[in-house]
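Undergrad: Any chance you could fold what I've pasted below:
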Amino acid sequence: MKYIYFDESGDISNNLTRKFFVATFLVVSDGAELQRVIKKALFYLNRSQKKKITGTLHAYKEKPLVRKTVLKRLAQKNVKIYSMRVDKTKMPASLRRMNQHERYNYVIKQLLQKLKIKQKTTIIISRKETSKRLQNKLKKTLEDGRVSVEIAPAQTDTCLQLADFVSWSFYRKYERSDGDYIEIIRDKIGGEYEL
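TA: Numbering: from 1, shown residues only. The predicted model follows:
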């Protein structure tokens, strides 16, 4: 059984204020091994650094030291990372005509197809949409005989928080031309694609 933790960064709308949208998969055989990464990364911070962290970790809110510590711990684990970026200035007209939710589902499906999944796999996605209709539409788009989808709040699953750090690192590379964070996890990248 494999587990895929999904997160995205950027904006998939037609608004060009942000040029890129990035979808990221963190693929593992044992989610329990990853659950401890954030806890152990925080263990190495001093007391004043820990006081500044409240609840759920989000890469864009954290200090560089926290980001790098989490990514270094992740780089020591048995994971594979896959990413797909969408350059909104090059988006085909067919994709541009889709509504935002359809486009989001389409990008995740495209990245999933790159993995060529052959065994039972569960995709865990952070619950952003509260609408059951949109959640069910996403599940219907992705699920088949091998793939099942779970939607969970990031606060309850530290692996989703790790996926956030990875996704943010890719987004930072494309949107800000800052590849420092991606270099920390470079050896774990199994595929980096552009739609």
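Undergrad: and residue 10, what is it in contact with?
TA: Residue 10 makes contacts with 18, 20-22, 86, 171, 175, as judged by CB atoms under 8 Å, 6 or more residues apart in numbering. Quick note: C-beta positions are derived from backbone N, CA and C, even for glycine.
Undergrad: residues in contact with stretch 168-178?
TA: Contacts for stretch 168-178 (CB under 8 Å, 6+ apart): 9-10, 18-20, 22, 24, 59-60, 67, 71, 83, 85, 87, 179, 181-182, 184-185, 192.
Undergrad: my bad, stretch 26-36
TA: The contact list for stretch 26-36 (CB under 8 Å, 6+ apart) reads 1-7, 74, 77-82, 115, 124, 158-159, 162-163, 166, 190.
Undergrad: how about a cut-off of 10 Å?
TA: Where contact means CB atoms under 10 Å, 6 or more residues apart in numbering, the residues beyond stretch 26-36 that reach it are 1-7, 43, 73-74, 77-83, 115, 117, 119, 121-124, 157-167, 185, 188, 190.
Undergrad: how many neighbours does residue 128 have?
TA: 14 (other CB atoms under 10 Å).
Undergrad: brain fart, residue 158
TA: Neighbour count of residue 158, defined by other CB under 10 Å: 20.
Undergrad: so who does it touch?
TA: Contacts of residue 158 by CB under 10 Å, 6+ apart are 5, 31, 34-39, 56-57, 70.
Undergrad: Filter those down to the ones in strands?
TA: Residues of those located in strands (DSSP state E): residue 5.
Undergrad: just checking, residue 14 is part of a strand?
TA: No: under DSSP: H, G, I helix; E, B strand; the rest coil, residue 14 falls outside any strand and is assigned coil.
Undergrad: Got the phi and psi for it?
TA: phi -80, psi 0 (degrees, to the nearest 10).
Undergrad: and it, how far is that from residue 90?
TA: As judged by CB to CB, to the nearest Å, residue 14 and residue 90 stand 13 Å apart.
Undergrad: No more questions from me, cheers.
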